[in-house]
Structure formats: C-alpha cells, structure tokens
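S.K.: My questions concern the predicted model and sequence given below.
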Amino acid sequence: MNIIHKIRQYPIVFLFLAFLIGFAILDELWPKREYSELENRKLAQRPTFTISSVLEENPNNTWMSQYDKYTKDQVAFRDGWIDLKSRIEALFLKTENNDVWLGQDHYLFAKFLSLGESTRFYQNLSAIEKLCERHPDMVDVMIVPSASLILEDKLPYDAPVANEDLYLDELAATLSGKASVYDERETLRQHQDEYIYYRTDHHWTDNGAYYAYQDYIEGQGLTPVSHESLPLSTVDNFYGTNYSKARTFNAIPDTITYPDLNNILTIHNFDPLGNETLEPGPLYDTSAFSTRDKYSAFLRGNNGYSTLEGNGEGSILVVKDSYANSFIPYLTQNYRNIGIVDFRANNEKIDSILERGNYERILILYSFQGFASDIYLASRIAVA
C-alpha cells in the first residue's frame, strides 16, 4: 500500500523511471546492425571488456569510450531519432549539421574551413615537382575545386569556407613550365547554373566530369567525343555522402547519369607474396546502383590498380581519387590503353607502374580536399 501511495503521490517520477527501465530493456533487446544504409557507414560493435582496455592511455580508445560509441550507434530507433533531430534543427533554421552546410536549393556542402596545420598539400605538390623532373613533358595535373567554391552562392549566408582559390593559384604557379595544369574553376563556373555537382554528395556529376574531360582532351590536341553521341543511362534516388552525415528530412535525391559503354576494365589484384590475378569485367558494378553507395558502381570501386581498354590511340596513366571515377570512362574514346592507380590501395612506386604499362602520359586527377589530405601520394610519386 505504501508503494502504491507513493506512485499516486509522484506519478510523473515513476512514469519516467518506468520509461527509462523499459527503454533500457528494449534497447538491449533491439537488433544490432553492422552497417547503416542511411548513413553509409559501419556502426560500432559491442567492445570486449578487458583490464587493459580500461587502463588504456588513449582517451579515445578506452573501453568506456568504445562502449559509448557502441551505445550511440546501436540505440533503438536510431534512424527515427536522427530524422527527428533533423526536423527540429530545420524548424530553428539551423544552417549546419554534422560538418555539413545546409545550402540553398537543397544543396549540401561538406564543411571545409581550412587546411589547418596540415602540410599534405605542399608535400604532394613538391612530390609532383619531383615527378616532373624525372618525366619531363609527361605530367598533367587536374585538381578539381569543391562544390562550395563553384556554387558559393548556394552556401548559407556568410558561411566560412577554405580559401581554395589561394591554394589552386599557388599550385598553378609552382607547376608552371613543369606540368600542364588544368584549372577547372573557370570551366565549371561557366556552367554553374547546370547540374554539375550532386546536391547530396561531395562528387561532381556526369555533366561536371564531361566538361572537365572536354577541356582536358582539347588541351591534348585531340577531339572530345560528343556527349549526346554516347549511350547515357540514369539511376535515380541517389543519396550521397553529405546526406549520410546531415540526414536532412527534406533532401532531394540525386540522379546519376553515366555513359553506358562496353569497354573492358581489368582489376589487378596482388596477394601478400606479390602474385597477380586479373579480374576482367565491365566498367561499372551495376549491382551497386541498387545500394545506398551508388557512386561505387563507377570503375567497380576504388581499386589499387586497373587497366582499361579504350577505342583511341596511345596510353595514359591516371593517378586519382574517386573524383576521377566518373571522368575516366570518357577517356576510352581517345586512348587505347588507360592505367588507373589509386594509391590509397596501392603501395607500389609510380615509376614501376609507368615502366610496366609503358604509359606515354600521366594525369593526376584529384578533388581539392582529396589532394590536400592524401597521406600516400607523396611517398608513391616523389622518388623512383
């Protein structure tokens, strides 16, 4: 009777306690996931308890910190909570969420304030200079500006962003007379009213990639293929990396367009002993178009080294990050042999790759943020 009396006396308190206990039980029984399709990332798993993990000196690697990440990633109704948070922030006219600017016309921009103390940009730039010294008149460089630079009018009012113009000017000046620098700022700004960057993703669209391809091929003294002459296919309902972070409730999905070509792409796989196996196949992993990470369909993902059979003449090696994945298919119309290397998954030196493929040109194609943060490029291309 005494307990019933107290419950009647403090109903809100007991209801709240009952809710906490009930939710804790529900949360423990809630199915655990390894991967979040909506956020396009792996989720933290329950950490194994050990004495050493409790006494770990690194505060970000203790058992408690790992368990905290686990509970946040595996909380019951997680997707619903994220959606509710997005709606509340929109109600209060918030212009940023989880390092993503919420721009006009439903554009989402990766929040990139500055290079900070990072010296990667200059290390990679210096490495390109050394590459040019070893291979004069062979190196082309295309560092693609971010959407926040080209579409700055769509950013929230007075949103601070990195001064990419300053660094891109410095790159062009440093490599002047050593490499052919393809500065795409002017080209892309001429088409800024077109669909050249995805709204929900950090990559450029097929249109943006084609305009850059056109600029590059004309600079090589070749004739670019007409965009309209190619068989173009589309995939709807694409939600990209920026959406995965911001999870805005009113995001408008993107459409992926790609030239549906039948050229053969061969992925070169190497085991720990250096034995090579070849994996020939199509240009695209079309099964990825049915997943959240649709952009990974291009070139069947970011592979360490691949070769692509083209319809033109000559050979070229493309050193790249994922921005190049939607650009490279167009090169099949002008080159016979195309090598593709992603040093994030390849620890070979560039000179040995050049010798093996007997490539006549080198194109270094990165997004600005990718180039400024790549921790592998310098060590792979600076020395033979």
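M.R.: Thanks, I have it.
S.K.: Export only the CA atoms of stretch 292-308, formatted as CSV.
M.R.: Taking Å, rounded to 0.1, in the frame of the first residue of the first chain, the C-alpha atoms of stretch 292-308 are listed here in CSV:
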residue,chain,number,x,y,z
ARG,A,292,22.9,3.2,-50.8
ASP,A,293,26.5,3.7,-52.1
LYS,A,294,25.6,4.0,-55.7
TYR,A,295,28.7,6.1,-56.7
SER,A,296,30.8,3.0,-56.0
ALA,A,297,29.5,1.5,-59.2
PHE,A,298,31.9,3.6,-61.2
LEU,A,299,35.0,1.6,-62.2
ARG,A,300,33.7,-1.1,-59.8
GLY,A,301,35.1,0.9,-56.8
ASN,A,302,38.4,2.3,-55.8
ASN,A,303,40.9,-0.4,-56.8
GLY,A,304,44.7,-0.1,-56.3
TYR,A,305,45.5,-0.7,-60.0
SER,A,306,43.3,-1.3,-63.0
THR,A,307,43.7,-1.2,-66.8
LEU,A,308,41.0,-0.1,-69.2
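S.K.: Mean confidence (pLDDT) on that stretch, please.
M.R.: Average pLDDT, stretch 292-308: 96.
S.K.: for it, which positions count as buried?
M.R.: Neighbour counts over stretch 292-308 (16 or more other Cβ atoms under 10 Å) mark 292-308 as buried. For the C-beta atoms, the positions are set from N, CA and C on the backbone; glycine is no exception.
S.K.: Inside strands: which ones of those residues?
M.R.: 305-308 (DSSP state E).
S.K.: Output those residues as JSON lines; include the columns distance to Asp153.
M.R.: Shown next, in JSON lines, are these (distance: Cβ to Cβ, whole Å):
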{"residue": "Tyr305", "distance to Asp153": "40"}
{"residue": "Ser306", "distance to Asp153": "37"}
{"residue": "Thr307", "distance to Asp153": "41"}
{"residue": "Leu308", "distance to Asp153": "37"}
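S.K.: Tell me which two of those residues sit farthest apart.
M.R.: Tyr305 and Leu308 (11.2 Å; Cβ to Cβ).
S.K.: OK, contacts around Pro231?
M.R.: 259-261 (Cβ atoms under 8 Å, 6 or more residues apart in numbering).
S.K.: So which of the residues you listed wins on neighbours?
M.R.: Highest neighbour count within those: Pro259, with 22 neighbours (other Cβ atoms under 10 Å).
S.K.: confidence score at the residue nearest to that residue when sequence neighbours are not counted?
M.R.: In this structure, Pro259 finds its nearest non-sequential neighbour in Leu230, 4.4 Å apart by Cβ to Cβ, 6 or more residues apart in numbering. As predicted, Leu230 sits at a pLDDT of 97.
S.K.: Quickly note the distance from Leu230 to Tyr330.
M.R.: 8 Å (Cβ to Cβ, to the nearest Å).
S.K.: Pull up the overlap in contacts between those two.
M.R.: In contact with both Leu230 and Tyr330: Pro259, using Cβ under 8 Å, 6+ apart.
S.K.: Touching, Met142 and Phe368? I think so.
M.R.: No. Taking contacts as Cβ atoms under 8 Å, Met142 lies outside contact range of Phe368: 10.6 Å.
S.K.: what's the burial count for Asn262?
M.R.: Count around Asn262 with other Cβ under 10 Å applied: 9.
S.K.: How about it, nearest residue that isn't a chain neighbour?
M.R.: Pro282 (7.4 Å).
S.K.: hang on, isn't the residue nearest to Pro259 packed against Leu261?
M.R.: Yes. With contact defined as Cβ under 8 Å, Leu230 counts as touching Leu261 (7.3 Å).
S.K.: Could you list the low-pLDDT ranges of the stretch 201-350 of the chain?
M.R.: Along the stretch 201-350 of the chain, the model assigns pLDDT under 70 to no residue.
S.K.: how about the helices of it, start to end?
M.R.: Counting by DSSP state H, counting those that start in this stretch, the stretch 201-350 of the chain has helices at residues 206-219, 241-246, 328-331, 350-357.
S.K.: how about the last one: buried residues?
M.R.: Residues of helix 350-357 classed as buried by neighbour count (16+ other Cβ under 10 Å): 350, 353-354, 357.
S.K.: Let me have those in CSV, extended by distance to Ile217.
M.R.: As requested, these are exported to CSV (distance: Cβ to Cβ, whole Å):
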residue, distance to Ile217
Ile350, 23
Ile353, 23
Leu354, 21
Gly357, 20
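S.K.: Farthest-apart pair in those residues, please.
M.R.: Between all members of those, the farthest pair (by Cβ to Cβ) comes out as Ile350 and Gly357, at 10.7 Å.
S.K.: Return every residue with contacts to both of those two.
M.R.: Common neighbours of Ile350 and Gly357 (Cβ under 8 Å, 6+ apart) are Leu317.
S.K.: Share the number of residues neighbouring the closest residue to Asn98 other than its chain neighbours, please.
M.R.: Closest residue in space to Asn98, ignoring its immediate chain neighbours: Lys245 at 4.6 Å, by Cβ to Cβ, 6+ apart. Counted with other Cβ under 10 Å, the neighbours of Lys245 add up to 20.
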